[in-house]
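> Sequence and predicted structure, then a few things I'm wondering about:
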Amino acid sequence: MKKRLTLLAQTSFSALCAVSIASGAMAGELNILTWEGYADPSVIEPFTAATGCEVSATYVGSNDDFAPKLAAGGGVFDIVTPSIDSTYALIEAGFVQPIDVSRVPAFKDIYEQFRTADGILKDGKVYGVPYAWGAIPFMYRKDKFDTPPTSIKALWDPALEGRISLWDDKSALYVAARLNGNMNIYELSDAELAAAVDKLVEQRPLVRKYWATAGELVDLYKSDEVWISNTWGGYQSGLLAAENIEVVEFIPEEGAEGWMDSNMIVADTPNEECAYQFLNMAISAQGQEGVFKVNGYSSTNPVAAKEFMSDSEFSALHQDDPAYLDSLLLWENLGDRLPVYTNAWNSVKSQ
């Protein structure tokens with residue numbers, strides 16, 4: 001029944017697109033700046049077949065990549081998919097344009113926490129369509145630990161020297177701050193931020209490598225170079241499972257961050273029609289099933305998710321428990337402190 005519903009959703013989407021193609025409204029191309037797995041052929045090829053919109057994807061390894069690439073100008077990109085802590089900076093800089101939600105009918109089906117998030121709103125206008133969400137848990141190779149780790153202290157364990165990895169992202173500061181007992185990770189004072197930097201500098205000799213992409217972290221685990229790290233929940237663990245490498249994800253005693261990614265339209269894109277069709281596809285059953293199957297992430301549109309997830313999958317991904325978000329430290333806009341945090345993280349890497 002689930003498969004039949006998904007097929008119906010895809011058929012309806014394709015039929016709608018076919019009408020628009022016939023009128024010549026959508027033939028074009030889209031250049032998107034996004035994350036690994038968000039432009040998988042299993043989703044993009046049916047979208048192109050249905051709309052005539054060719055899609056080219058450039059991948060980022062960190063949210064810090066979006067603004068510089070857009071600032072370079074030249075009209076290179078049409079859609080970007082930043083996380084909720086980086087969206088407002090793009091809005092303030094004028095890099096993205098308001099979205100006419102009347103052209104995105106399923107927007108109303110998105111979880112209220114996401115469609116009303118400060119990071120995608122300004123002056124009563126909507127600038128992003130929430131696409132996927134999840135946690136930033138930690139992960140370890142099961143065969144390397146007699147006692148399962150329960151704290152992020154494990155990433156500072158001298159016994160694991162050379163077997164530790166952290167994401168090459170300012171969020172490493174969030175990890176260190178929590179270890180220091182500072183839970184106000186998005187509002188760290190200069191002193192607290194300096195303490196987080198000190199903690200990361202202390203850790204650096206233990207770190208095998210700061211991972212930049214999902215594939216890089218997977219390779220580090222496969223080559224037996226890394227035994228413990230943070231991770232994009234559900235994604236790298238799934239890739240490793242396919243390689244018969246057993247890893248375990250866990251939420252540490254110090255808590256975990258949460259994230260939400262949104263599709264945003266780059267200001268003055270010449271490919272607006274294709275952009276809106278992409279936004280609609282991304283939150284349809286077709287698009288949401290794609291990111292679920294490829295990345296293992298939770299869906300922002302629970303109505304669509306019910307069409308392809310089993311009851312157990314729906315529950316396991318907390319689709320039936322939006323309050324789960326309250327247990328996560330959902331990424332927030334850092335405002336004027338963004339460059340301060342970014343510079344702090346760069347200072348760690350320059351040591």
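Nice, I can see it.

> what's the spacing between F278 and G287?
9 Å (CB to CB, to the nearest Å). Using the backbone N, CA and C atoms, a C-beta is placed for each residue, glycine as well.

> between these two, which one's more packed in?
G287 (28 against 24; other CB atoms under 10 Å).

> Which secondary structure state does that one sit in?
Secondary structure, DSSP: H, G, I helix; E, B strand; the rest coil: G287 is helix.

> thinking it is in contact with M281, fair?
Yes. The criterion here is CB atoms under 8 Å, and G287 meets it with M281 at 4.7 Å.

> Give me the common contacts of these two.
Common contacts of G287 and M281 (CB atoms under 8 Å, 6 or more residues apart in numbering): V43.

> how about the helices of the stretch 251-351 of the chain, start to end?
With helices called from DSSP state H, counting those that start in this stretch, the stretch 251-351 of the chain shows them at 272-282, 285-295, 302-308, 311-316, 338-349.

> same check, this time on the stretch 51-200 of the chain
So, for the stretch 51-200 of the chain - with DSSP H, counting those that start in this stretch - the helices run 66-71, 87-92, 112-115, 172-179, 190-203.

> Output these in a markdown table, with mean pLDDT, mean neighbour count and distance to P158 appended to each entry.
Listed next are the helices of the stretch 51-200 of the chain as a markdown table, based on pLDDT from 0 to 100; neighbours: other CB atoms under 10 Å; distance: least, CB to CB, whole Å:
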| stretch | mean pLDDT | mean neighbour count | distance to P158 |
| --- | --- | --- | --- |
| helix 66-71 | 94 | 16 | 36 |
| helix 87-92 | 94 | 21 | 38 |
| helix 112-115 | 92 | 17 | 40 |
| helix 172-179 | 98 | 24 | 15 |
| helix 190-203 | 98 | 17 | 10 |
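
> want to throw these into JSON lines with distance to K222?
Converted to JSON lines, the helices of the stretch 51-200 of the chain look like this (distance: least, CB to CB, whole Å):
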{"stretch": "helix 66-71", "distance to K222": "29"}
{"stretch": "helix 87-92", "distance to K222": "33"}
{"stretch": "helix 112-115", "distance to K222": "34"}
{"stretch": "helix 172-179", "distance to K222": "22"}
{"stretch": "helix 190-203", "distance to K222": "23"}
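
> which one of the helices of the stretch 251-351 of the chain has the lowest average pLDDT?
Mean pLDDT is lowest for helix 311-316 among those, at a mean of 91.

> Flag every buried residue along it.
F314 (16 or more other CB atoms under 10 Å).

> That one: how far from the chain's middle?
Here the centre of helix 311-316 is set off from its chain's centre by 20 Å, with CA atoms, centre = their mean, to the nearest Å.

> Which elements pack onto it?
On a contact count with 3 or more CB pairs under 8 Å, 6 or more residues apart in numbering; DSSP states H and E, helix 311-316 meets helix 302-308.

> Output the contacting helices and strands for the helix it packs on.
Against helix 302-308 (3+ CB pairs under 8 Å, 6+ apart) you get helix 2-22, helix 285-295, helix 311-316.

> Walk me through the domains of this structure.
The chain is divided into the following domains under automatic domain parsing: 2-132+259-320, 138-255+333-349.

> for the protein, what helix or strand is lowest in average pLDDT?
Lowest mean confidence among the helices and strands of the chain (mean pLDDT, DSSP states H and E): helix 2-22, at a mean of 40.

> neighbours around the nearest residue to A305 once chain neighbours are set aside, how many?
Of all residues beyond its chain neighbours, the one nearest A305 is S299 (3.9 Å), with distances taken as CB to CB, 6 or more residues apart in numbering. S299 has 27 neighbours, counted by other CB under 10 Å.

> how would you label S229: helix, strand or coil?
Applying three-state DSSP: S229 is strand.

> Show me what it bridges to in the sheet.
M139, S165 (DSSP bridges).

> Isn't it up against K209?
No. At 9.6 Å, S229 does not count as touching K209 under the criterion of CB under 8 Å.

> neighbour count winner among these two?
S229 (25 against 16).

> separation between the more buried one and V348?
For S229 relative to V348 (CB to CB), the value is 16 Å.

> now Y174
13 Å.

> which residues touch the closest residue to S62 other than its chain neighbours?
Nearest residue to S62, sequence neighbours excluded (CB to CB, 6+ apart): D169, at 4.5 Å. Counting by CB under 8 Å, 6+ apart, D169 touches G61, S62, N63, D64, W345.

> ok, now how distant is D169 from I283?
26 Å.

> what about A323, how many neighbours?
8.

> From Q288, how far off is it?
21 Å.

> what's the answer for Q319, then?
Note on Q319: its distance to Q288, by CB to CB, is 10 Å.

> between these two, who's got more neighbours?
The neighbour count for Q319 versus Q288, taken as other CB under 10 Å, is higher for Q288 (30 against 21).

> before we move on, back to that, take the domains of the chain and write them to a markdown table, including distance to S327.
A markdown table is the format used below for the domains of the chain (distance: least, CB to CB, whole Å):
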| stretch | distance to S327 |
| --- | --- |
| domain 2-132+259-320 | 9 |
| domain 138-255+333-349 | 8 |
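
> could you list every residue that touches G75?
Taking CB under 8 Å, 6+ apart as the test, what G75 contacts is V266, D268, T269, P270.

> Top of the residues you listed by number of neighbours, please.
Ranked by neighbour count (other CB under 10 Å), these have V266 at the top, with 22 neighbours.

> thinking again about what came up before, redo the contacts of G75 as CSV? Include pLDDT and distance to T147.
Listed next are the contacts of G75 as CSV, based on pLDDT from 0 to 100; distance: CB to CB, whole Å:
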residue, pLDDT, distance to T147
V266, 97, 49
D268, 94, 56
T269, 95, 52
P270, 94, 57
